[in-house]
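Undergrad: Could you look at this predicted model? Sequence included:
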Amino acid sequence: MTRLRRREFASLAGAGLIGALAGQPDTALASAAAAPPQPGGWNNWSGLEHCDPLRILAPTDEGQLVDALKTAQGPIRFVGAGHSFTALVPTPTTLVMTDGLSGVVRHDAAARTAVVRGGTRIAILAPELDSRGLALPNQPDISVQSMAGSFATGTHGTGARLQALHAQIRSLRLVTADGRVLTASREQSADLFHAARVSLGALGAITEVELQVQPRFHLRRRVWTQRTEDLLAAAPRLAREHRHFELFVLPHTGYGAGITHDEVPDGPPQRGESDDEDTLNDLRRLRDTLGRFPSMRRWLAGKFIGEREEVSVDVSWRLLSNSRATRFNESEYHVPAEHGVACLTEVLAAMEKHREAYFPIEFRFVAADDAWLSPFHGRDSCSIAVHAATGEDHAYLVKEMGPIFRRHGGRPHWGKLHDMGSAELAAAYPRWNDFHAVRRALDPQGRLLNPYLRRLFGETANA
């Protein structure tokens, strides 16, 4: 996103104007601190989830995983990057690290396919494919996730005609809780295929997938700032006109940032000066100094954001994904595309009732697919994500934003915070019961269900 003019902002603050208006920052609005380190065990990325399992397994090939699962004590859970905010991973007994199951096994440039191990991180896979003249058709905005973890939670990028990552799977290999190795595709074991592509890790470990990829391509990225109401009004049109379109609404500023990516011929890289972390730090500083003066906060933000744009050109994977230094907790829902702008408008109004809010609200477009537990099952969608810095209150993201999302038919991102239960989820997912029939057949004793999944699935005791 485009930065505020840091020198002007700093000089204004240094002159004492902001300090005179705001006084000392309210303790409730103090700058976010990193989550305190947890002793031993495992932490997720934000520090919200933690466990101290009896055993941590780190297989380096499928055979080791098969042998380990045959005798492992449940609950058995799998972890890639730990970038989910929900309690999908924590277990008191057996945790399986999948980083050792990484790499590109083979590729076929003519068929535009690549066979990839499940533990491969997106940040590793993208340049590996690039070196072979290939690319993922789409990527999420964060690249640290493992492929299997991304599939399990329905991770996605943006693009009204582009599907989530799991929709690129042509076939897969799955190791079940009792060590069986199963293969599935649309033609072979179709029910398993539709269930396993988004499974929350409740069917087993995906050790290998054949992906549909495409030839290496370049993108032109345009980033611009605009008044929020104008940007929201233009959003449906922009989504239709561009390969990728997303926007970020900046609470308490009256502005948002739009981002488009369009395919262009190969050429020399051109990079703008955008820095998401600088923008985030500026927004937090504005919140900390003027949080108690909302009209002044909005006026000053508008003065230094204004309307501007930056353009970058590079190979696709260098522009579509990035890393995040500032840690946060997040809730995200996916609503029918026709409800997207209306839902976002309500969410923004609710977020601006909280003076502590400063993280941009993310808004993306995702095309429909047919995986049974895909949040995009059977419908084109808009994804809306709200955040709070690690160490700051985030309960309102679930308790206050969740009802808005659900009024608009929202389905939660499986890796992001929400409070929907099994009855609500069964009503939201047409193939919910079909998924659980497959799950119970593969794992009748529930060895892959930790307490969180038992609550989520409505399973109160072992089968």
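TA: All right, it came through fine.
Undergrad: I'd assumed D191 was in contact with D434.
TA: Yes - between D434 and D191 there is a contact at 7.1 Å, judged by CB atoms under 8 Å. Every residue, glycine included, has its C-beta placed from N, CA and C.
Undergrad: Which parts of the stretch 351-463 of the chain are helices?
TA: Remark: helices assigned in the stretch 351-463 of the chain by DSSP state H, counting those that start in this stretch are 395-399, 401-407, 422-428, 432-442, 451-457.
Undergrad: and R55, which of these is closest to it?
TA: Comparison of these against R55 by CB to CB identifies helix 451-457 as nearest, at 17.8 Å.
Undergrad: list the contacts for P127?
TA: P127 makes contact with W317, according to CB atoms under 8 Å, 6 or more residues apart in numbering.
Undergrad: you'd agree it is in a strand?
TA: No - looking at P127 with DSSP: H, G, I helix; E, B strand; the rest coil, it is helix, so not inside a strand.
Undergrad: Look up how far Q139 lies from it.
TA: From P127 across to Q139, the span is 12 Å (CB to CB, to the nearest Å).
Undergrad: Give the residues shared as contacts by these two.
TA: W317.
Undergrad: OK, contacts around the residue nearest to the spatial centre of the chain?
TA: Closest residue to the average C-alpha location of the chain: T155 at 5.5 Å, with CA atoms, centre = their mean. If a contact means CB under 8 Å, 6+ apart, then T155 has P140, Q145, G149, A164, L165, H166, G415 as its contacts.
Undergrad: next one: phi and psi at the last one?
TA: In other words, G415. phi -100, psi 0 (degrees, to the nearest 10).
Undergrad: picking that back up, could you redo the contacts of T155 as a markdown table and give each row secondary structure and neighbour count?
TA: Listed next are these as a markdown table, based on DSSP: H, G, I helix; E, B strand; the rest coil; neighbours: other CB atoms under 10 Å:
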| residue | secondary structure | neighbour count |
| --- | --- | --- |
| P140 | coil | 21 |
| Q145 | coil | 26 |
| G149 | helix | 27 |
| A164 | coil | 28 |
| L165 | helix | 25 |
| H166 | helix | 27 |
| G415 | coil | 21 |
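Undergrad: can I get those in CSV with distance to F293 and pLDDT?
TA: CSV is the format used below for these (distance: CB to CB, whole Å; pLDDT from 0 to 100):
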residue, distance to F293, pLDDT
P140, 36, 94
Q145, 39, 93
G149, 42, 97
A164, 41, 98
L165, 43, 97
H166, 46, 98
G415, 36, 97
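Undergrad: closest to K303 among the residues you listed?
TA: Closest to K303 out of these is P140 (33.5 Å), distances taken as CB to CB.
Undergrad: picking that back up, can I get the contacts of T155 in CSV with distance to R287?
TA: Supplementary listing: the contacts of T155 in CSV, determined by distance: CB to CB, whole Å:
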residue, distance to R287
P140, 27
Q145, 29
G149, 32
A164, 32
L165, 33
H166, 36
G415, 26
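Undergrad: Neighbours of R271, how many?
TA: 13 (other CB atoms under 10 Å).
Undergrad: Apart from its chain neighbours, what residue comes closest to it?
TA: Of all residues not flanking R271 in the chain, S312 sits nearest, at 4.8 Å (CB to CB, 6 or more residues apart in numbering).
Undergrad: And for the helix or strand hosting the one you found, what's in contact with it?
TA: Following DSSP states H and E, one finds S312 within strand 309-315. With contacts defined as CB under 8 Å, 6+ apart, strand 309-315 is touched by 2, 130, 135, 216-225, 264, 267-274, 319.
Undergrad: Stretch 451-459 too?
TA: Counting by CB under 8 Å, 6+ apart, 75, 86-88, 90, 200, 202, 421-423, 425, 436, 439, 446, 449, 460 sit against stretch 451-459.
Undergrad: please redo it, this time with the cut-off set to 7 Å
TA: Residues outside stretch 451-459 that contact it (CB atoms under 7 Å, 6 or more residues apart in numbering): T86, A87, L88, L200, A202, S422, H436, G446, L449, T460.
Undergrad: One more: stretch 158-171?
TA: Contact partners of stretch 158-171, identified using CB under 7 Å, 6+ apart, comprise 113, 137-138, 150-151, 154-156, 183-185, 197-198, 209-212, 239-240, 243-246, 364-367, 369, 371, 374, 376, 380.
Undergrad: which ones among these are found in helices?
TA: Among the contacts of stretch 158-171, the subset assigned to helices under DSSP state H consists of S150, F151, A239, R240.
Undergrad: Tell me which two in the residues you listed are the farthest apart.
TA: Pairwise distances across the ones in helices among the contacts of stretch 158-171 peak at 27.7 Å for F151 and R240 (criterion: CB to CB).
Undergrad: ok, these two, which is more surrounded?
TA: Per other CB under 10 Å, whichever of F151 and R240 has more neighbours is F151, with 28 against 11.
Undergrad: pLDDT value on Q270, please?
TA: Q270 is assigned 84 on the pLDDT scale.
Undergrad: my bad, D419
TA: 97.
Undergrad: Surely it is in contact with E400?
TA: No - using CB atoms under 7 Å, D419 makes no contact with E400, being 11.2 Å away.
Undergrad: List of residues touching stretch 260-280?
TA: Contacts for stretch 260-280 (CB under 7 Å, 6+ apart): 1-4, 6, 217-223, 238, 242-245, 310-314, 319-320, 325-326.
Undergrad: Oh, that last question was meant for stretch 67-82, not what I typed.
TA: Contact partners of stretch 67-82, identified using CB under 7 Å, 6+ apart, comprise 42, 44-45, 57, 59, 89, 91, 93-98, 119, 121, 144-146, 148-149, 175, 177-179, 201, 205, 447-450.
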